[in-house]
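Student: Need the 3D shape of this:
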Amino acid sequence: MTSSTRTASPRGSLDIELRASPRLTALLVTAHVLAASVPWLLGFPAPAAVACSVVLLSWGTYQTMLHGLLRARASLQRLEIARDGRATLHHAGGQVRHAWLSAVEMSSEHLVVLRFRVVDGGRGPLIVPLCPDACGPDGFRRLRAGVRWGYLDPGSGEEVVPSAAGAA
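Tutor: Residues are numbered from 1 along each chain as shown. You can find the predicted model right below:
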């Protein structure tokens with residue numbers, strides 16, 4: 001699947017199709033390999049160091065499959081964000097969830113990290129890291145401009161119900 005940014009609607013929503021990100025994959029692998037070495041550097045006993053390293057590397061593998069390679073059923077394939085912070089999240093397994101953009105955790109030229117509060121069927125906040133190669137140069141530019149200049153406003157989400165997320 002190729003990455004593209006769809007035409008913005010008259011209401012100014014951002015619609016981005018996502019693809020696997022080699023940059024994010026490399027970042028996640030590097031971070032988790034470095035984290036797995038920490039117990040050894042701190043002098044943990046060998047059994048504890050092995051256990052910690054296995055947990056960290058397993059979690060890193062899952063996060064890489066989920067966010068970097070987009071190979072998990074829960075991986076996002078498409079992301080729609082309205083100006084008021086309403087979002088529709090399309091997952092690889094076919095699930096469509098409605099959410100609110102609750103915060104922009106980080107925004108730089110290499111990485112944007114968004115936090116969503118899922119309205120229907122969520123256990124907690126959903127953190128979505130995005131690199132330029134995941135959403136194409138134009139989509140990433142529009143996303144960064146939206147969060148930097150207040151075009152995409154993290155909303156409260158108090159008044160929205162899932163059926164209303166696609167309306168208005």
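
Student: Please name the bridge partners of the nearest residue to Thr88 once chain neighbours are set aside.
Tutor: Leaving out its chain neighbours, the residue that sits closest to Thr88 by Cβ to Cβ, 6 or more residues apart in numbering is Glu80, at 4.3 Å. Yep, even glycine has a C-beta here, placed from its N, CA and C like the rest. Applying DSSP bridges to Glu80 gives these bridge partners: Asp15, Thr88.

Student: element containing the residue nearest to Val147 when sequence neighbours are not counted?
Tutor: Excluding its sequence neighbours, the residue lying closest to Val147 (Cβ to Cβ, 6+ apart) is Val104, at 4.5 Å. For Val104, the host element (DSSP states H and E) is strand 96-107.

Student: what's the distance between that strand and the middle of its chain?
Tutor: 8 Å (Cα atoms, centre = their mean, to the nearest Å).

Student: quick one: the helix or strand following it to strand 96-107, angle?
Tutor: Using DSSP H and E, the helix or strand that follows strand 96-107 in sequence is strand 112-118. Angle of strand 112-118 versus strand 96-107, following axes from the mean of the first three to the mean of the last three Cα atoms, to 10 degrees, is 140 degrees.

Student: What strands flank strand 112-118, and is each parallel or antiparallel?
Tutor: Strand 112-118 has the following sheet partners, assigned by DSSP bridges: strand 96-107 (antiparallel), strand 125-130 (antiparallel).

Student: Output it as CSV, nothing but the C-alphas.
Tutor: Output of strand 112-118 as CSV, limited to C-alpha atoms (Å, rounded to 0.1, in the frame of the first residue of the first chain):
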residue,chain,number,x,y,z
VAL,A,112,5.3,13.5,15.5
VAL,A,113,3.7,11.7,18.5
LEU,A,114,0.0,12.0,19.0
ARG,A,115,-2.1,10.9,21.9
PHE,A,116,-5.8,9.9,21.3
ARG,A,117,-8.5,9.1,23.8
VAL,A,118,-10.6,6.3,22.2
